[in-house]
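**Student:** After the sequence you'll find the predicted model.
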Amino acid sequence: MNPRPVMLERVAGPAYWLLLAAALWILLRGHNAPGGGFIAALVALAATALVAIVHGSGAARRRLPLEPVSLAAGGVLLALASGLAGAAAGGAFLTHLWWTLPGTPVKLSTVLAFDLGVFAAVWGALSAYLLALLDEGERR
């Protein structure tokens, strides 16, 4: 029997939220600078892996915003839709569009939607793989 990792159990909760906050920062920074959806998803996956290793794959699965496959599929659809927006506006597929919120310096774009789609697709797909591996290991 393995000893309970009490210290790791105490740190896992706050570390999970810290990793997700870092992933959000990387995601939002990425559409104007290096970073973005893929790297942010890997950081979010690290948060999921931490919870899964400490508390089990069921606990990690409950913390995901959607089931892993649904998260991945939704991400692919969002990335696809962001590319179609430019085509619908008369440009080529994946021609990105930008808007400024009235009265603010805040800029929105289809680039951010694409990055969100990549983020969800990668986090969902790799979480499905990770959790399947851990489920198999828990059954042995």
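**Tutor:** Okay, I see it.

**Student:** Now do stretch 45-57: everything it contacts.
**Tutor:** 5, 8-9, 12, 15-17, 19-20, 23, 59-60, 63-64, 122-123, 126-127, 130-131, 134-135, 138 (C-beta atoms under 8 Å, 6 or more residues apart in numbering). (Each C-beta comes from the backbone N, C-alpha and C, glycine too.)

**Student:** Hmm, residue 114 is touching residue 81, no?
**Tutor:** No. Judged on C-beta atoms under 8 Å, residue 114 makes no contact with residue 81 at a distance of 9.1 Å.

**Student:** who has more neighbours, the two?
**Tutor:** Using other C-beta atoms under 10 Å as the criterion, residue 114 and residue 81 rank with residue 114 on top: 22 against 14.

**Student:** related to what we said a few turns ago, would you list the buried entries among the contacts of stretch 45-57?
**Tutor:** Among the contacts of stretch 45-57, those buried by neighbour count (16 or more other C-beta atoms under 10 Å) are 12, 15-16, 19-20, 23, 60, 64, 122-123, 126-127, 130-131, 134.

**Student:** Can you give the distance of stretch 84-91 from its chain's centre?
**Tutor:** In terms of C-alpha atoms, centre = their mean, to the nearest Å, the centre of stretch 84-91 is set 26 Å apart from its chain centre.

**Student:** So which bits of it are buried?
**Tutor:** Buried residues in stretch 84-91, counted by 16+ other C-beta under 10 Å: 85-86.

**Student:** Just the C-alphas of that stretch, formatted as PDB.
**Tutor:** The C-alpha coordinates for stretch 84-91 follow below in PDB (Å, rounded to 0.1, in the frame of the first residue of the first chain):
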ATOM      1  CA  LEU A  84     -15.600  30.600 -41.600                       C
ATOM      2  CA  ALA A  85     -16.200  34.100 -40.300                       C
ATOM      3  CA  GLY A  86     -13.500  35.500 -42.500                       C
ATOM      4  CA  ALA A  87     -14.800  33.600 -45.500                       C
ATOM      5  CA  ALA A  88     -18.400  34.800 -44.800                       C
ATOM      6  CA  ALA A  89     -17.000  38.400 -44.800                       C
ATOM      7  CA  GLY A  90     -15.600  37.900 -48.300                       C
ATOM      8  CA  GLY A  91     -12.000  36.900 -47.400                       C
END
